[in-house]
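# how would this look folded up:
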Amino acid sequence: MNILSFLGLTVILGAFGIAFSSAEGVSASDYIQTSGMAVVIGGMIGATLLKSSASDFKAGMSLLPRCFMNPMSPIKLIDQLVEFAGIARKDGLIALESQEVSHPYLAKGVQLLVDGQKPEIIAKTLDAESDAQITREKHGASVWAYMGEVAPAMGMVGTLVGLVALLNNMDSQAALTSGMATALLTTLYGAVLANALALPIANKMRIQSEVEQLNRQIIQEGVGFIQTGGNPRVLQDLLASYIPPDQASKLSLNG
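Next comes the predicted model:
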């Protein structure tokens with residue numbers, strides 16, 4: 001579980017909750033304007049659907065839960081690869097079939113080793129899967145980035161809609177109030193959706209994609225080394241070059 005994601009969401013909700021409920025003479029319900037929400041949320045989602053392909057939109061939605069989970073630590077991944085290297089060197093590659101693998105990309109690499117595939121086949125397969133994952137993650141993050149771009153614009157559209165209603169009903173106090181509320185609140189909705197949700201989510205997806213890309217590079221290097229039957233200590237020293245020195249000191253063999 002990614003504590004910072006949950007903490008950030010909690011702080012956002014708490015801050016806005018306090019702001020909306022503590023304003024003098026205004027209740028939280030006064031900030032709920034159905035027509036304004038329809039313009040901003042509907043316009044944002046509609047524009048995103050119009051811009052995106054079905055696979056891109058699906059990728060964006062499927063990657064959302066990952067923002068609230070931590071990627072697998074490179075330290076844990078290296079320790080597992082070093083352990084597998086020791087098992088393979090002692091009992092052969094087939095012995096890896098009984099090992100529990102938590103990372104799906106590593107599971108793919110181990111399965112290729114157990115199946116006895118040639119090194120070039122393993123390298124091409126893992127490269128192709130990594131490239132496909134990078135593209136999927138990039139397109140998924142772009143969906144949320146576009147939501148962040150279009151939400152303020154839809155807020156401005158809602159503001160114009162409210163102003164039209166306001167100017168056409170200057171003689172009605174109720175219509176004047178409703179039009180002004182729509183004009184102001186749609187701008188608020190657009191700004192909040194963009195800067196407090198969509199853009200942070202897109203950035204988190206990009207960062208986690210980079211971490212996962214590093215993990216896949218470590219796995220590719222480790223799987224290739226395991227197939228040669230090399231020394232686990234040498235493998236750890238090789239893979240330690242992918243992480244900062246202070247993290248390398250936490251690896252199992254170093255500990």
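# could you say which helix or strand contains the most centrally placed residue in the chain?
Central residue of the chain (CA atoms, centre = their mean): residue 205, 2.7 Å from the mean position. In the assignment (DSSP states H and E), residue 205 maps to helix 199-228.
# Show me how far that helix is from its chain's centre.
Centroid displacement of helix 199-228 relative to its chain, using CA atoms, centre = their mean, to the nearest Å, is 13 Å.
# what comes up buried for it?
Residues of helix 199-228 classed as buried: 199-202, 204-206, 208-209, 212, 215-216, 218-227 (neighbour count, 16 or more other CB atoms under 10 Å). Every residue, glycine included, has its C-beta placed from N, CA and C.
# again, but for stretch 232-243
For stretch 232-243, by 16+ other CB under 10 Å, it's 232, 235, 236, 238, 239, 240, 242, 243.
# which residues touch the second one?
Which is residue 235. Contact partners of residue 235, counting by CB atoms under 8 Å, 6 or more residues apart in numbering, are 81, 82, 85, 222, 225, 226.
# Could you do the first one as well?
Contact criterion CB under 8 Å, 6+ apart gives 82, 83, 85, 86, 89, 253 as the residues in contact with residue 232.
# Likewise for the fourth one?
Residues counted as contacts of residue 238 (CB under 8 Å, 6+ apart) are 221, 225.
# element containing residue 107?
Per DSSP H and E: helix 104-114 holds residue 107.
# can you give me the angle that helix makes with helix 199-228?
If you take axes from the mean of the first three to the mean of the last three CA atoms, to 10 degrees, helix 104-114 sits at 20 degrees to helix 199-228.
# by contact count, what packs against helix 104-114?
With contacts defined as 3 or more CB pairs under 8 Å, 6 or more residues apart in numbering; DSSP states H and E, helix 104-114 has these neighbours: helix 74-91, helix 119-168, helix 199-228.
# and with 7 Å instead?
Helices and strands touching helix 104-114, by 3 or more CB pairs under 7 Å, 6 or more residues apart in numbering; DSSP states H and E, are helix 119-168, helix 199-228.
# ok, residues contacting that helix?
Here helix 104-114 makes contact (CB atoms under 7 Å, 6 or more residues apart in numbering) with 93-94, 96-97, 101, 122, 125-126, 129, 216, 219, 223, 226-227.
# now stretch 13-32
By CB under 7 Å, 6+ apart, the residues outside stretch 13-32 that reach it are residue 185.
# Between its first and last residues, what's the separation in that stretch?
End-to-end distance of stretch 13-32 (CA to CA, to the nearest Å): 15 Å.
# Pull the distance from it to the chain's centre.
With CA atoms, centre = their mean, you get 30 Å for stretch 13-32.
# residue ranges with poor pLDDT in the stretch 151-255 of the chain?
Across the stretch 151-255 of the chain, the ranges flagged by pLDDT under 70 are 170-179, 252-255.
# switch the cut-off to 50
255 (pLDDT under 50).
# and residue 248, how far is that from residue 45?
45 Å (CB to CB, to the nearest Å).
# Counting neighbours, go ahead and name the busier of the two.
residue 248 (18 against 15; other CB atoms under 10 Å).
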